[in-house]
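J.: let's see this in three dimensions:
(chains A and B)
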Amino acid sequence: MDIFIDWVKTTGIYNLSWENLVMFAVAFFFMYLAIKKNMESYELLPIGLGVIIANLPLAGMDVFDATSGIHQSSGIFGVIFYYTLSFWNILPPIIFLGLGAITDFTPLINNPKTLLLGAAAQIGIFVSFWGASLTGYFTLKEAASIGIIGGADGPTTIFLTSSLAPDLLGITAVIAYSYMAAVAFIQPPIMKLLTTKSERNIIMKDSGPVNNKLTILFPNIAMFLIILIVPRSAPLISMFMIGNILKESKVVPRLVDAASNELINLSTIFLMITIGTQLNGPKVINVETLLILGLGLVAFAVGSASGIILAKIMNLFLKQKINPLIGSAGVSAVPMAARISHHMGQEENPNNYLLSHAMGPNVAGVIGSAVIAGLFLALIN
Amino acid sequence: MFSKAVDLTIFGITISFLLLTILIFFIVIIKYFDKKLDNNQNKKQDSNYAKVLAASVAVSLVESELEHYKSA
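T.: A predicted model of the protein is given here:
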């Protein structure tokens, strides 16, 4: 009988807590969004699976035993977390290499002033950084990791949080991806509230293709300049620009193919499941998590609003007006935020094609949030 | 702690706007020189074209004169 009781105590069922059950519900919700609604499927599905693994008691998949040196008692996701995020922090830059290889700077080069909209959208990061500092629940490092959610850029959030506040990694990453998935619900009301019907009707002219020399020169110059001014952003910016230069050179199609397919896919599988395994119920169900959820939403909303407001201010001085709807695309969330701007424009006027114009601030947002991450690393770490 | 957050905010927003403004400046400069280079190349091509055209007209004139003398 004693053996039976001992065995029962070693089962997962005996050790299951209500927090684990809540997290199972969260995991199934993520999986539902990914499979049924096709929202951020590549991120939310593996994250959901990771959450299930993390909340099966005593499975030990997310454990990392650094004390033994042999690591036999460590779980695969514990080892991945330790070596690729905590110790080396290499998965986010690898994903950035792939993102660079699928990014097109043409809209940005055609209409360079849209870079400013990407900068304006970063204001959301600082608003929630302030908010997190004021709550008294978080240190400055944690506040920066929460603020960066407003950049709506998953790999950047993971990169910064891994360095500044590894304990918050799971929750900040998941909240960033969840809000990115929910961009279609968060942004449209803000966009409608801040723009008039005539502003939403503004038609922007297409500038056509860009000389290949320019598309190669731009990422080179951007890489030099940004890394010289904010060196701590180098892991993200350099990989992003290298990926893009490989693509624009048009002489290494196999490398571009590998970076934008195999490399990014493999990294995404390991990164997302590992992030999911950081969401262990008893660890993450607390007041801090609720605060991060709220602050992340504030960051996202303020970022979207800032881009729109700056576009409206710019229109006061510009001859060729900018449709303010593209301002909200400054919060990275590539390419969903740009798509939302396009759809909102088409709702007003079916002949208004804003997608290529919105990609400008969208890409600028990726650069902007990576720069802010570098600044936080340099000045807080 | 909050005063450092305020300092970081002012500095961060300033740097990000400054950096992206410098990038805009570079794009405008590159586009300007690219346009100028293209114009120069077009002009060069035009002047070469005029020279080649003049030469071919001259050659055909000489040939027709030669034919004329031969037949005469």
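
J.: how many neighbours does the nearest residue to residue A:261 once chain neighbours are set aside have?
T.: The shortest distance from residue A:261 to any non-neighbouring residue, by CB to CB, 6 or more residues apart in numbering or on different chains, is to residue A:98 (7.8 Å). Just so you know, the C-beta spots here come from the backbone N, C-alpha and C atoms, and that holds for glycine as well. Using other CB atoms under 10 Å in any protein chain shown, residue A:98 has 25 other residues around it.

J.: tell me which helix or strand residue A:98 sits in.
T.: Using DSSP states H and E, residue A:98 sits within helix A:91-101.

J.: who touches that helix?
T.: Contacts of helix A:91-101 with the rest of the structure, by CB atoms under 8 Å, 6 or more residues apart in numbering or on different chains, involve A:84-85, A:155-156, A:158-159, A:162, A:219, A:235-236, A:238-247, A:256, A:259-261, A:263-264, A:267-268, A:270-271, A:334, A:366, A:370.

J.: now it: average pLDDT?
T.: Confidence over helix A:91-101 (mean pLDDT, whole number) is 95.

J.: distance from the next helix or strand after it to the middle of the chain?
T.: Using DSSP H and E, the helix or strand that follows helix A:91-101 in sequence is helix A:106-110. Centroid separation for helix A:106-110 versus its chain: 22 Å, with CA atoms, centre = their mean, to the nearest Å.

J.: what does stretch A:161-172 give?
T.: With CA atoms, centre = their mean as the basis, stretch A:161-172 stands 13 Å off its chain's centre.

J.: and it, does that touch chain B?
T.: No. Applying CB under 8 Å from any CB of the partner chain, one finds stretch A:161-172 out of contact with chain B, separated by at least 12.6 Å.

J.: and the residue nearest to residue A:270 when sequence neighbours are not counted, how far from chain B?
T.: Nearest residue to residue A:270, sequence neighbours excluded (CB to CB, 6+ apart): residue A:80, at 5.4 Å. Distance from residue A:80 to chain B, counting by CB to the nearest CB, to the nearest Å: 31 Å.

J.: so where does residue A:80 fall, helix or strand?
T.: helix A:76-81.

J.: chain B contacts on the stretch 201-350 of chain A?
T.: Selection of the stretch 201-350 of chain A residues close to chain B by CB under 8 Å from any CB yields A:211, A:213, A:214, A:217, A:218, A:221, A:222, A:225, A:226, A:229, A:230.

J.: quick one, grab the pLDDT at residue B:52.
T.: Residue B:52 is given a pLDDT of 69.

J.: what's next to the helix or strand hosting residue A:270, contact-wise?
T.: Assigned by DSSP H and E, residue A:270 falls within helix A:264-276. The contact list for helix A:264-276, computed with CB under 8 Å, 6+ apart, reads A:27, A:42-43, A:45-54, A:62, A:77, A:80-81, A:84-85, A:91-92, A:94-95, A:97-99, A:101, A:155, A:158, A:169-170, A:173-174.

J.: can you tell me how far residue A:240 sits from residue A:128?
T.: 24 Å (CB to CB, to the nearest Å).

J.: one more: residue A:87?
T.: Distance from residue A:87 to residue A:128, by CB to CB: 28 Å.

J.: need the residues of chain B near chain A, please.
T.: Chain B has residues B:1-2, B:4-6, B:8-9, B:11-13, B:15-17, B:19-24, B:26-28, B:30-31, B:34, B:38 near chain A, with proximity defined as CB under 8 Å from any CB.

J.: in helices, which of those appear?
T.: B:2, B:4-6, B:8-9, B:11-13, B:15-17, B:19-24, B:26-28, B:30-31, B:34, B:38 (DSSP state H).

J.: mark which of those are buried, thanks.
T.: B:5, B:8-9, B:12-13, B:15-17, B:19-20, B:22-24, B:26-27, B:30-31 (16 or more other CB atoms under 10 Å in any protein chain shown).

J.: so how far is the helix or strand hosting residue A:146 from its chain's centroid?
T.: Residue A:146 is part of helix A:140-147, with elements assigned from DSSP H and E. Averaging C-alpha positions (CA atoms, centre = their mean) puts helix A:140-147 15 Å from its chain's average.

J.: over to stretch A:345-360?
T.: The chain centre lies 23 Å from the centre of stretch A:345-360; the measure is CA atoms, centre = their mean.

J.: now swap in stretch A:168-187 and tell me
T.: Distance, centroid of stretch A:168-187 to centroid of chain: 8 Å (CA atoms, centre = their mean).

J.: what's the helix holding residue A:80 packed up against?
T.: helix A:264-276 (3 or more CB pairs under 8 Å, 6 or more residues apart in numbering or on different chains; DSSP states H and E).

J.: tilt between the helix it packs on and helix A:91-101?
T.: 140 degrees (axes from the mean of the first three to the mean of the last three CA atoms, to 10 degrees).

J.: how about helix A:264-276 as CSV, C-alpha atoms only?
T.: Provided in CSV are the C-alpha atoms of helix A:264-276 (Å, rounded to 0.1, in the frame of the first residue of the first chain):
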residue,chain,number,x,y,z
ILE,A,264,14.1,31.0,-39.7
ASN,A,265,11.8,28.0,-39.6
LEU,A,266,14.2,25.9,-37.4
SER,A,267,14.8,28.9,-35.1
THR,A,268,11.1,29.6,-34.8
ILE,A,269,10.3,26.0,-33.8
PHE,A,270,12.9,25.9,-31.0
LEU,A,271,12.4,29.5,-29.9
MET,A,272,8.6,29.4,-29.7
ILE,A,273,8.3,26.0,-27.9
THR,A,274,11.0,27.1,-25.5
ILE,A,275,9.2,30.4,-24.8
GLY,A,276,6.0,28.5,-24.2
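
J.: quick check: mean pLDDT of it?
T.: So the average pLDDT for helix A:264-276 ends up being 93.

J.: helix or strand right after that helix?
T.: Past helix A:264-276, the next helix or strand by DSSP H and E is helix A:281-284.

J.: ok now that next one, how far from the chain's centre?
T.: For helix A:281-284, the distance to the chain centre is 22 Å (CA atoms, centre = their mean).

J.: name the residues of it that are buried.
T.: A:281, A:284.

J.: one more: stretch A:253-270?
T.: A:255, A:256, A:258, A:259, A:260, A:263, A:264, A:267, A:268, A:270.

J.: start and end of stretch A:340-355, how far apart?
T.: 9 Å (CA to CA, to the nearest Å).

J.: which residues are contacting that stretch?
T.: A:183-184, A:187-188, A:191-192, A:197, A:200-204, A:206, A:323, A:325-326, A:328-329, A:338-339, A:357-358.

J.: so, low pLDDT: which residues of chain B?
T.: Under the criterion pLDDT under 70, the flagged ranges of chain B are B:42-50, B:52-53, B:71-72.

J.: on that earlier part again, got the CA positions of the helix holding residue A:80 in PDB?
T.: Taking C-alpha atoms only, helix A:76-81 is exported to PDB below (Å, rounded to 0.1, in the frame of the first residue of the first chain):
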ATOM      1  CA  ILE A  76      15.600  19.600 -23.900                       C
ATOM      2  CA  PHE A  77      13.800  23.000 -23.700                       C
ATOM      3  CA  GLY A  78      15.700  23.900 -20.500                       C
ATOM      4  CA  VAL A  79      19.000  23.300 -22.400                       C
ATOM      5  CA  ILE A  80      17.800  25.300 -25.400                       C
ATOM      6  CA  PHE A  81      16.600  28.100 -23.200                       C
END
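
J.: done for today, thanks.
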